[in-house]
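K.L.:
Next come a sequence and a model predicted from it.
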Amino acid sequence: MSDTENVLLAAVNSQFIHSNTAVYYLYQILIQNNIEADVKSFSINDDKHDILSEILESKPKVVCFSCYIWNISYVYDLCKALRRIDKKIKIILGGPEVTYEPAEAFIQSGADLLVLGEGESVIVSAVLAMLNDEWPTCPGCYYESEGTIINTGIAVTDELGKIPSPFTDFMMEKERNKLIYYEASRGCPFNCIYCLSSATTGVRYFPLERIFSDLNTILRYSLKVVKFTDRSFNANQVRTLEILDFLKNVKTETCFHLEIFPAGLTDKVTETLAIMPKGRVQLEAGIQSVNPITLEASGRIQDAIKAISNMKKLTGNENMHIHLDLIAGLPFEGLESFENSFNKTIDAKPHVLQVGFLKLLKGTTARNIEGYEYEDSPPYEVLVTPWLTFIELSEIKQIEKLIDLFYNTGRFRTYLAYMHEKAGNPYHVYKELALYLNENNFSLKGISKKNKYAALAGFADKDSIAIEHLRYDYMTSYSSKDIPEFLGETFSKEMVFEHLKNDAIVREVFAEQEITSPKKLYKMCNVSRFNYGKESVVFFFNYSCRDKVTDLYSAIPIQI
Ligand code: SF4
């Protein structure tokens, strides 16, 4: 076997900004075994012709694609085209989208070999077999030999510490300025019926020394965000505290995204999270539903009330961005139950509330529940459940769009908090807003910033306090002095200058900043009085100072 055979590991990501760590694991294993390989990253938004040219440019003998729900159709097209262009090239596919129900992926792609499960223990045998016109016999392979389908089962990498680290300068240089995914463990202690992590049992961990060494390499590249892919980052308290401690003490502007199991947060972990430097970590937590029957039937055993109360404590600290997830379409969750889950979850005041729709993925037990209808092709989203009609799911879709367009931007924070409180039922606010937008011909597609504020101002139906909140939100979001008229008045230029002559005010507003002339300071601020019923407050907005977590400009109340 020559050591100069050419293997290309191709990642086709959902966006240019994403990276794929899996191919770099395989790359390291191949080169450790003296098999020449390279990695190329693409995105599904790239022109297929360009991708094919780039793949063929390096004249590979074997091309491996990693397949996920977001790229599978695209990869099928690439495989078929490669076959037509050069029949000698061997094609290997791996990843979750070919592991479960491999027969379909094998036929659709026309690949020579599928790698089922985790590829680290399979890739060398698979590649060598392809280069030598043989078939591999190790676990984790699916192929056709002499008219017979051979399936050697799903491979699982036993000792994670033995796999070479992919986080080398080779990967970091190639993926510079992209979103890097990092795993400190694989698997999940839970068994949610809709999740692929439930297909393997238990959690396997990478050794802590290796994690700290990897993180030190990653930190040298000053990335904006590093996303831990651990399905329940806080599954093991001792390790969680050690990693959090490391993240707390490093000197960096990088933000680490952690996916946690919210009901499992211990006091020690919550206390450590509370003292993280502002913006150092961001949390994503799956609430999914607050209906105990739904949670039990979903295999997601968690005390939802405890989960929400834990998250409320953390949002109150304001030192990290918090993202909560709900899933519509779970067993035993009808519209009324979903509304309750929505209202209780938004009450924790997350920065982002993601309303997802159940996906009935290959390999998950959710696929076997009677009465569910779902799309035939990826992402296999639910269409009907025994508890929700298509129309009811469409209502939730509408709410989800409005949440994304308004709530999740963080640009309407105080207005929406006020409207939620006033209605006593946040779900109804979005339901009514959907009707209002429809009746008043507001199209959501490409809606401008100004029209979003106009829509919410109209929806407030002359509630002057709501408009005050909306102007406050506008002024913390945008530094322009051109405030739409329907949001009310701000101080005139002369009035602002008058206050900028007051030393005490200037010191309070521009604390820790170099104080320059009133003319220069004027460019960096705006001022308005807000009348909230009997209460009236003047806010100075400092446009040279943004919050690291919310990205909003600083607003300082001033006694005038
Ligand atoms: S949804 Fe989350 S908690 Fe449930 S099995 Fe999957 S990874 Fe684990």
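P.N.:
Everything's here; your move.

K.L.:
domain ranges for this structure?
P.N.:
If you go by automatic domain parsing, the domain ranges for the chain are 7-151, 179-387, 406-477, 489-560.

K.L.:
Of these, which is nearest the ligand?
P.N.:
In terms of Cβ to the nearest ligand atom, the element of the domains of the chain nearest to the ligand is domain 179-387, at 2.9 Å. For the C-beta atoms, the positions are set from N, CA and C on the backbone; glycine is no exception.

K.L.:
Can you get me the start-to-end distance on the closest one?
P.N.:
Counting by Cα to Cα, to the nearest Å, you get 38 Å between the two ends of domain 179-387.

K.L.:
and Val124, what helix or strand is that in?
P.N.:
Counting by DSSP states H and E, the element that carries Val124 is helix 123-131.

K.L.:
can you list the residues of this protein near the ligand?
P.N.:
The chain comes close to the ligand at residues Cys188, Phe190, Asn191, Cys192, Cys195, Ser197, Ser198, Arg231, Ser232, Gly286, Arg300, as judged by Cβ under 6 Å from any ligand atom.

K.L.:
tell me what the helix holding Val124 is packed against?
P.N.:
The elements that helix 123-131 packs onto, with contact taken as 3 or more Cβ pairs under 8 Å, 6 or more residues apart in numbering; DSSP states H and E, are helix 21-32, strand 62-66, strand 90-94, strand 113-115.

K.L.:
Give me the contacts around it.
P.N.:
With Cβ atoms under 8 Å, 6 or more residues apart in numbering as the test, helix 123-131 has contacts from 1, 5, 7, 26, 29-30, 33, 35, 61-62, 64, 90, 92, 94, 112-113, 115, 119, 134-138, 140-141.

K.L.:
Report the angle between it and helix 21-32.
P.N.:
70 degrees (axes from the mean of the first three to the mean of the last three Cα atoms, to 10 degrees).

K.L.:
so how far is helix 123-131 from its chain's centroid?
P.N.:
Its chain's C-alpha centre and that of helix 123-131 lie 34 Å apart, by Cα atoms, centre = their mean, to the nearest Å.

K.L.:
Stretch 476-492 too?
P.N.:
Stretch 476-492 has its C-alpha centroid displaced from the chain centroid by 33 Å (Cα atoms, centre = their mean).

K.L.:
same deal with stretch 390-404?
P.N.:
Distance of stretch 390-404 from its chain centroid, counting by Cα atoms, centre = their mean, is 20 Å.

K.L.:
Could you do stretch 136-146 as well?
P.N.:
Stretch 136-146 has its C-alpha centroid displaced from the chain centroid by 35 Å (Cα atoms, centre = their mean).

K.L.:
Now do the buried residues in it.
P.N.:
Residues Pro136, Cys138, Pro139, Gly140, Cys141, Tyr142, Tyr143 are the ones in stretch 136-146 that count as buried (16 or more other Cβ atoms under 10 Å).

K.L.:
can you tell me the average pLDDT over that stretch?
P.N.:
Taken as a whole, stretch 136-146 has a mean pLDDT of 97.

K.L.:
Kindly report the same for stretch 377-386.
P.N.:
95.

K.L.:
for the helix ranked longest in the chain, packing partners?
P.N.:
Across the chain, the longest stretch assigned as helix under DSSP state H is helix 390-405. Packing partners of helix 390-405 (3+ Cβ pairs under 8 Å, 6+ apart): strand 321-328, helix 335-346, strand 352-357, strand 382-384, helix 426-439.

K.L.:
What lies in contact with it?
P.N.:
By Cβ under 8 Å, 6+ apart, helix 390-405 touches 328-329, 334-335, 338, 342, 353, 355, 357, 382-385, 388, 427, 430-431, 433-434, 444, 447, 452.

K.L.:
Buried ones from the residues you listed, can you make that a ChimeraX selection?
P.N.:
Selecting the buried subset of the contacts of helix 390-405 in ChimeraX, with 16+ other Cβ under 10 Å as the burial test, is done by:
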select :328,329,335,338,342,353,355,357,382,383,384,385,388,427,430,431,433,434,444,452
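
K.L.:
hmm, back to that, alpha carbons of whichever helix or strand comes after the longest helix of the chain, as PDB, please.
P.N.:
Next along the chain after helix 390-405, taking DSSP H and E as the criterion, comes helix 413-423. Output of helix 413-423 as PDB, limited to C-alpha atoms (Å, rounded to 0.1, in the frame of the first residue of the first chain):
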ATOM      1  CA  ARG A 413     -37.700  44.000  25.100                       C
ATOM      2  CA  THR A 414     -39.500  46.500  27.400                       C
ATOM      3  CA  TYR A 415     -42.500  46.900  25.100                       C
ATOM      4  CA  LEU A 416     -43.100  43.100  24.900                       C
ATOM      5  CA  ALA A 417     -42.500  42.600  28.600                       C
ATOM      6  CA  TYR A 418     -45.100  45.300  29.200                       C
ATOM      7  CA  MET A 419     -47.600  43.800  26.700                       C
ATOM      8  CA  HIS A 420     -47.100  40.300  28.200                       C
ATOM      9  CA  GLU A 421     -47.800  41.600  31.700                       C
ATOM     10  CA  LYS A 422     -50.800  43.600  30.600                       C
ATOM     11  CA  ALA A 423     -52.400  40.700  28.800                       C
END
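
K.L.:
Would you mind listing the buried residues in helix 413-423?
P.N.:
Under the neighbour-count criterion of 16+ other Cβ under 10 Å, helix 413-423 has Arg413, Thr414, Tyr415, Leu416, Ala417, Tyr418, Met419, His420 buried.
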